[in-house]
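In: prediction below, plus the sequence it came from.
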Amino acid sequence: MILGLSLTLMLVLCARAVFDWRSAAYGMIIMTQLQDPVRKIMPGAPSYLVLLSAPVLLAGLFGLVQARPLWWSSFRALNPKVAARALLLVVFCLPAAAISASYGPFSWTYTLLGAASYGLLFLSIVMGYHLLGEEGAFRRLLAAYCMSTALMMTGGWFELLGYFDESLVIGTDALGKDWIRYRTGYTVDLIAGFYRSPDVMGWHAAACAMLAGILALTARGFGRFVWVLVILVALSGLVLCGRRKMAYMLPLFIGLVPLLTFWFGRNRGMATLSVVVGIVVGGGGLLAFGAIDGARESDFLRYYLEGSTESITRVDEQGITTALATLEQSGFLGGGLGFATPGAHSLPFARPRVWQESGTARLMFELGVPGLIALLLLGVALLRGAVLSLRYAASRDQRVLTYCTGLMAFFLANCASLVYSGQILADPFIASFIGMSLGLVLGFRRSDRPKFLRQQGNFA
């Protein structure tokens, strides 16, 4: 019955997204918050339930194409280099696709999986480009995600304090897993709460903190304190999950927002404000560390502090060393598209046994050197478009610039995390949400976009 209700809700959200493609973003938020609890209470905890948000995304893309027949030509007109290099990437990935399709019977399914993974990520960028509208709608979207995620963070505290121990939706007992980190002289129990793993909880907690930070910086009056409170709730979940690679996105975000604001903006006051908010959030994070450390009766704070130096070394190992090792093992053209894509291990067909954890190693294996070069060229074109958007936003209004720099910092912080580990992209919501954030940045230059500051008032 639970599965039937979930699928019915998904179909309703898909139908709505076809006729109102902008609602797809809200539908995806609803499904991503429900998919893990639903999966845990289903017999066998089927892994395909992780994909519940994907049909809503596809329905939204279909609705976009129907509502805006010129959706691609308008994007291409404003971003010609991005469009040209996206086509170049497709051409340069053909050898990788041919390799993965030639391994044996049904190996073409891995080809389709890899193509869908990269294709949906790019289409999410285009969707985000068209999604940006007036300020009130933009804030409501971020608020919907942040508020629902803050509510989901309560699951971490339930697990920590032992509430609802018999409930399958708390923790990972339903999946038959215990997440423990063994350190010299102590252990750390990682917490997942309502989510299926500490990694997923950590990403949502970090994303909530960063996006609520954007809302806090641009809110007026009492609303700013509301969003700071949401940030602190997200920080508590980030600490509880114990996933340092997610926690380290926050320092990048806190550093990038004032840096980009100072670099592109004329009014330095917002840069100063963002530093102050960062200090408040950082101080709250330290209080959360202390409180949770005492509650867990473990060297949890020590675990994070030790990792601050270890992670620098691991970024070098995962980002560079493993990519070079993959090149040596798989060759110039790589091992084939799709085989290192998160979720490929679930397909019941013969494949090379590989496990590229870092994003760079995955790209090297799947795309080979030609495809990786083409992807880097596409990335440069996207970043160039983002810089043009930042300059445009700086010429408009300080609040517009803050939205733009915040989204750009969110995207860059995620990119840095993906260099370290790309497995989180197995979740279609997370992959598409990261892509949409960059698309929203590009959308600030849209000539047909409604005036972003049309609505005036006391935004919460």
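Out: The structure has been received and is ready for your questions.

In: tell me the helix or strand right after the helix or strand where Ala207 lies.
Out: Per DSSP states H and E: Ala207 is located in helix 198-218. Downstream of helix 198-218, the first helix or strand assigned by DSSP H and E is helix 223-241.

In: what about that next one, distance to the chain center?
Out: Mean-position distance between helix 223-241 and its chain equals 18 Å (Cα atoms, centre = their mean, to the nearest Å).

In: now do it: which elements does it pack against?
Out: helix 135-152, helix 154-161, helix 198-218, helix 244-247, helix 269-296 (3 or more Cβ pairs under 8 Å, 6 or more residues apart in numbering; DSSP states H and E). Every C-beta, even on glycine, is put in place using the N, C-alpha and C of the backbone.

In: now do that helix and helix 154-161, the angle between them.
Out: Counting by axes from the mean of the first three to the mean of the last three Cα atoms, to 10 degrees, helix 223-241 points 50 degrees away from the direction of helix 154-161.

In: which of the residues in helix 223-241 are buried?
Out: For helix 223-241, burial by neighbour count (16 or more other Cβ atoms under 10 Å) applies to 223-224, 226-228, 230-241.

In: could you do stretch 210-221 as well?
Out: By neighbour count on 16+ other Cβ under 10 Å, the buried set for stretch 210-221 is 210-219.

In: can you lay out the residues you listed as TSV showing distance to Thr111 and pLDDT?
Out: Below are those laid out as TSV (distance: Cβ to Cβ, whole Å; pLDDT from 0 to 100):
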residue	distance to Thr111	pLDDT
Met210	34	94
Leu211	34	96
Ala212	39	94
Gly213	40	92
Ile214	38	93
Leu215	41	94
Ala216	44	91
Leu217	43	87
Thr218	43	88
Ala219	47	87
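
In: quick one: secondary structure of Tyr163?
Out: Here Tyr163 is recorded as coil under DSSP: H, G, I helix; E, B strand; the rest coil.

In: and it, what does it touch?
Out: 157, 170 (Cβ atoms under 8 Å, 6 or more residues apart in numbering).

In: how about the one 5 residues further on?
Out: The contact partners of Leu168, by Cβ under 8 Å, 6+ apart, come to 40-41, 174.

In: look up how far Leu211 lies from it.
Out: Note on Leu168: its distance to Leu211, by Cβ to Cβ, to the nearest Å, is 29 Å.

In: do Ile99 as well
Out: 39 Å.

In: same question for Tyr163.
Out: Tyr163 sits 28 Å away from Leu211, taking Cβ to Cβ as the criterion.

In: the chain: strands as residue ranges?
Out: 180-183, 186-189 (DSSP state E).

In: which of these has the lowest mean pLDDT?
Out: Here those differ in mean pLDDT, and the lowest is strand 180-183 at a mean of 66.

In: so Gln153 makes contact with Leu235?
Out: If you look again at residue 153, you'll see it is Met, not Gln. No: using Cβ atoms under 8 Å as the test, Met153 is too far from Leu235 to be in contact (9.2 Å).

In: list the residues that contact both of these two?
Out: Residues touching both Met153 and Leu235 by Cβ under 8 Å, 6+ apart: Ala205.

In: still on that earlier bit, is it possible to export the contacts of Leu168 to JSON lines including distance to Ser148 and neighbour count?
Out: Shown next, in JSON lines, are these (distance: Cβ to Cβ, whole Å; neighbours: other Cβ atoms under 10 Å):
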{"residue": "Lys40", "distance to Ser148": "18", "neighbour count": "22"}
{"residue": "Ile41", "distance to Ser148": "19", "neighbour count": "13"}
{"residue": "Ala174", "distance to Ser148": "21", "neighbour count": "20"}
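
In: now, which of these lie within helices?
Out: If you go by DSSP state H, those have 40-41 in helices.

In: among the contacts of Leu168, which one sits closest to Leu64?
Out: Lys40 (32.7 Å; Cβ to Cβ).

In: chain neighbours aside, what residue packs nearest to the closest one?
Out: Ala174 (3.9 Å; Cβ to Cβ, 6 or more residues apart in numbering).

In: and that neighbour, how far is that from Ser330?
Out: Per Cβ to Cβ, Ala174 is found 36 Å from Ser330.

In: Lys40 now?
Out: In terms of Cβ to Cβ, Lys40 sits 36 Å off from Ser330.

In: please apply the same query to Val126.
Out: Distance of Val126 to Ser330, computed by Cβ to Cβ: 30 Å.

In: who's more crowded, the two?
Out: In this view Val126 and Ser330 are compared by other Cβ atoms under 10 Å, and Val126 has more residues nearby, 25 against 22.

In: related to what we said a few turns ago, between the buried residues of stretch 210-221, which is nearest Ala59?
Out: Leu211 (23.5 Å).

In: buried residues of the top helix by length along the chain, list them for me.
Out: Counting residues, the longest helix found in the chain (DSSP H) is helix 359-396. For helix 359-396, the neighbour count (16+ other Cβ under 10 Å) marks 359-368, 370-372, 374-375, 377-378, 381-383, 385-386, 388-390, 392-394 as buried.

In: kindly report the same for stretch 398-409.
Out: 398-409.

In: and for stretch 46-65?
Out: For stretch 46-65, by 16+ other Cβ under 10 Å, it's 49-61, 63-64.

In: what sits up against it?
Out: 6, 10, 13-15, 17-25, 27-28, 31-32, 34-36, 38-39, 42, 71, 120, 123-124, 127, 130, 196, 343, 346, 426-429, 432.

In: next one: it to chain centre, how far?
Out: The answer for stretch 46-65 is 16 Å, by Cα atoms, centre = their mean.

In: can I get the CA coordinates of that stretch in CSV?
Out: Taking C-alpha atoms only, stretch 46-65 is exported to CSV below (Å, rounded to 0.1, in the frame of the first residue of the first chain):
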residue,chain,number,x,y,z
PRO,A,46,14.3,-2.0,-3.0
SER,A,47,17.1,0.2,-4.4
TYR,A,48,15.0,1.5,-7.3
LEU,A,49,13.1,3.7,-5.0
VAL,A,50,16.1,6.0,-5.0
LEU,A,51,15.0,7.0,-8.5
LEU,A,52,11.5,8.3,-7.5
SER,A,53,12.5,11.9,-8.3
ALA,A,54,13.9,11.1,-11.7
PRO,A,55,10.4,10.6,-13.5
VAL,A,56,9.4,14.0,-12.1
LEU,A,57,12.5,15.6,-13.6
LEU,A,58,11.9,14.0,-16.9
ALA,A,59,8.2,15.1,-16.9
GLY,A,60,9.4,18.6,-16.1
LEU,A,61,11.9,18.5,-19.0
PHE,A,62,9.1,17.3,-21.3
GLY,A,63,6.8,20.1,-20.1
LEU,A,64,9.6,22.6,-20.7
VAL,A,65,10.0,21.5,-24.3
